[in-house]
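J.: Based on what follows, work out the 3D shape:
(one chain, ligands or ions: 1)
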Amino acid sequence: MLGAVPGLLCCPFCRELYTKDDALERCPDCGVDLVPFHEVAPSPETQLEQDYLVEQTPPEWRQLALWDWRRGRGLLPLLALLGLVSYALPWFSQSLPETRVLTGYQLARHHVGWLWGGAVGWFILIPLVITRRSIAAMRGVRMIAAIFASLTATEVLVFVNITASRQNQVIVQFAWEWGIWISCFVSALGACIAVTLGGPLPARQKSDPELPEPTVVTSKGKRPKIPPTLH
Ligand SMILES: [Zn+2]
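T.: The predicted structure follows:
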């Protein structure tokens, strides 16, 4: 936070702070050139404190890199994109009373509005998964992610069955196109990945200290008290 204060100077050796008003170029005690505060590397104590906080955080609560793609964190958003793209594939073809081929998008837009549900599910899934930044957080959204991922497959199955049962009432000749089955497959696969999102809990290392259960969260949450001295 202090790094944001403009005009704050610091002696890199003794870490004494000076303001611009002090009109000093060198530390009066050490004779070392002063540097802007934000350019000074964290002190060994601060570094120790930070390392300590990371060590005290159970592995499943440690923050992952934004682009860490392991444990389904990359695969599931990728499948979601694929699921969205598959709405542009041919889903349905008709030969009577007229000949036409409809994509999933056209079906949802002009004929079967609730088919949008699957696309919305895919759409929400992407930020939902990307914003889970720890193994525990990923595991926590498994169920909801699986529901979103499986929406397309569920809807397609319902849609195919309803259409089949109505076939006798109207004179139509139609066939399901390959795109609808790809959508269905991607959706089912996505649901399978979603229920294992985050993977198994990481094994505890021997060096991991005994901790009261995870009160430690990522950046905003509570943190353990730091012992008065670190040796
Ligand atoms: Zn100094």
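
J.: What pLDDT is listed against the residue most central in space within the chain?
T.: Note on the chain: the residue nearest the mean C-alpha position is residue 130, at 1.6 Å, using CA atoms, centre = their mean. In this model, residue 130 is scored at 92, pLDDT.

J.: Please give me every residue in contact with it.
T.: Residue 130 makes contact with 66, 73, 77 under the criterion CB atoms under 8 Å, 6 or more residues apart in numbering. Every residue, glycine included, has its C-beta placed from N, CA and C.

J.: Give the helix, strand or coil label for residue 69.
T.: What DSSP: H, G, I helix; E, B strand; the rest coil gives for residue 69 is coil.

J.: So, low pLDDT: which residues of the protein?
T.: Confidence mapping of the chain against pLDDT under 70 gives the ranges 1-6, 167-171, 205-231.

J.: now the helices for it?
T.: Assignment of helices within the chain using DSSP state H yields the ranges 44-56, 75-85, 104-106, 116-130, 135-140, 142-165, 178-195.

J.: CSV please, covering those and showing distance to the ion.
T.: Formatted as CSV, the entries for the helices of the chain read as follows, by distance: least, CB to the ion, whole Å:
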stretch, distance to the ion
helix 44-56, 16
helix 75-85, 50
helix 104-106, 67
helix 116-130, 45
helix 135-140, 43
helix 142-165, 53
helix 178-195, 56
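
J.: Any chance of JSON lines for those helices, columns distance to residue 95?
T.: Shown next, in JSON lines, are these (distance: least, CB to CB, whole Å):
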{"stretch": "helix 44-56", "distance to residue 95": "64"}
{"stretch": "helix 75-85", "distance to residue 95": "26"}
{"stretch": "helix 104-106", "distance to residue 95": "17"}
{"stretch": "helix 116-130", "distance to residue 95": "26"}
{"stretch": "helix 135-140", "distance to residue 95": "46"}
{"stretch": "helix 142-165", "distance to residue 95": "15"}
{"stretch": "helix 178-195", "distance to residue 95": "16"}
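
J.: ok so, going back, could you give me the ChimeraX syntax to select whichever of the contacts of residue 130 are buried?
T.: Applying 16 or more other CB atoms under 10 Å to the contacts of residue 130 leaves a buried subset, and the ChimeraX line that selects it is:
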select :73,77
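
J.: now, among the contacts of residue 130, which is nearest to residue 181?
T.: Top of the list for closeness to residue 181, among those and by CB to CB, is residue 77 at 22.1 Å.

J.: residue contacts, the nearest residue to the closest one once chain neighbours are set aside?
T.: If the residues on either side of it in the chain are set aside, residue 77 comes closest to residue 126, at 4.7 Å by CB to CB, 6 or more residues apart in numbering. In this structure, residue 126 makes contact with 77, 80, 81, judged by CB under 8 Å, 6+ apart.

J.: The first one contacts residue 124, doesn't it?
T.: No: here residue 77 does not reach residue 124: they are 11.2 Å apart, not a contact under CB atoms under 8 Å.

J.: Can you report how many residues neighbour residue 149?
T.: Residue 149 is surrounded by 29 other residues when neighbours are defined as other CB atoms under 10 Å.

J.: Also residue 129?
T.: The criterion is other CB under 10 Å. On that basis, residue 129 has 27 neighbouring residues.
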